[in-house]
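**Student:** Fold the following, please.
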Amino acid sequence: ADLYSAGLAIAGSDYRLVIHEDPSETVVAAQRADVSLVVLDLRHYTDYPESLVTRLRVSRSEPELLVLLPPEVGAASSLPAECRLSAPLTTEHVIEQGRRLLRLQEVRRLSGIMGNSAPIRDVLHTIAQVGPLDVPVLVHGESGTGKELVAQAVHGQSSRSKAAFISLNVGSLAESLLESELFGHERGAFTGAVVRHAGVFERANHGTLFLDELGEMTPRMQVKLLRVLET
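**Tutor:** Numbering: from 1, shown residues only. Take a look at the predicted model:
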């Protein structure tokens, strides 16, 4: 009864709760339908069913797993620590962890970020945490590691997701063009300015602005950008 109530609380109004007495039915369901989270109660199993867990993890819908284990099996599981809970358990703990894994799955599906390693899972959890907050976000990493994907995912989790996501590689533009692209210009401001041009700060209003390769900007432009960010 406690697990049933926990399942209802985890699903809420956004997900449908389905209960299977036989775990093999869950494997079939995960192959045929979009399953976001499987809560697998193995507290009364004498042996850890590694093959069952593996089949669920690689099924078509690739659901998140939350496995409830007896104390003697918990440490032996190959699952990430966040995906397994060992007795004694509380309903509140199951609900909290289940909702956390659902948020991770939502970020994964919306962002298109691939992978299930510990570092990738940490990134997805961070996106889920900071996305709803009204704070600046610094994404750092080597070229080609997917910083823009992360920025888009943060935008998708935020209250600004319905507004524009504007991305600008500031290292790809000459300084004169970059200044106009960042701050815009009015018609007639300089020779050739025949129409008004809105800068990215204006175009991204109420949305998200992602500025890539900031280190490639000239010091003069960095000073101007800093002034904008400060005020």
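
**Student:** contacts, neighbours, all on C-alpha from now
**Tutor:** OK.

**Student:** Longest helix of the chain, counting residues only.
**Tutor:** For the chain, the longest helix by residue count, based on DSSP state H, is helix 91-111.

**Student:** Next, the buried residues of that one.
**Tutor:** By neighbour count, and taking 16 or more other CA atoms under 10 Å as the criterion, the buried residues in helix 91-111 are 94-95, 97-105, 107-108, 111.

**Student:** Would you mind pulling up the elements that that helix packs against?
**Tutor:** On a contact count with 3 or more CA pairs under 8 Å, 6 or more residues apart in numbering; DSSP states H and E, helix 91-111 meets helix 2-11, strand 37-41, strand 64-69, helix 118-130, helix 147-157.

**Student:** want to try TSV for these, with distance to Ala30 and mean pLDDT as columns?
**Tutor:** Supplementary listing: those in TSV, determined by distance: least, CA to CA, whole Å; pLDDT from 0 to 100:
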stretch	distance to Ala30	mean pLDDT
helix 2-11	16	88
strand 37-41	9	89
strand 64-69	11	88
helix 118-130	21	91
helix 147-157	25	92
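
**Student:** on that earlier part again, what's the angle between the longest helix of the chain and helix 147-157?
**Tutor:** 120 degrees (axes from the mean of the first three to the mean of the last three CA atoms, to 10 degrees).

**Student:** Spatially central residue for the chain, please.
**Tutor:** Val107 (3.3 Å; CA atoms, centre = their mean).

**Student:** Can you name the residues that contact that one?
**Tutor:** If you count contacts by CA atoms under 8 Å, 6 or more residues apart in numbering, Val107 has them with 124, 127-128, 153, 157.

**Student:** Same check on Glu50?
**Tutor:** The neighbourhood of Glu50, defined by CA under 8 Å, 6+ apart, contains no residues.

**Student:** just Glu213 next, same as before
**Tutor:** Taking CA under 8 Å, 6+ apart as the criterion, Glu213 is in contact with 169-171.

**Student:** Show the buried residues in those residues.
**Tutor:** Under a neighbour-count criterion of 16+ other CA under 10 Å, the subset of those counted as buried comprises 170-171.

**Student:** wait, which of the contacts of Glu213 is closest to Glu148?
**Tutor:** Glu148 has its nearest neighbour among the contacts of Glu213 in Asn169, at 10.1 Å by CA to CA.

**Student:** Does the closest one touch Asp212 like I think?
**Tutor:** Yes: with the criterion set as CA atoms under 8 Å, Asn169 and Asp212 qualify as a contacting pair; they are 4.6 Å apart.
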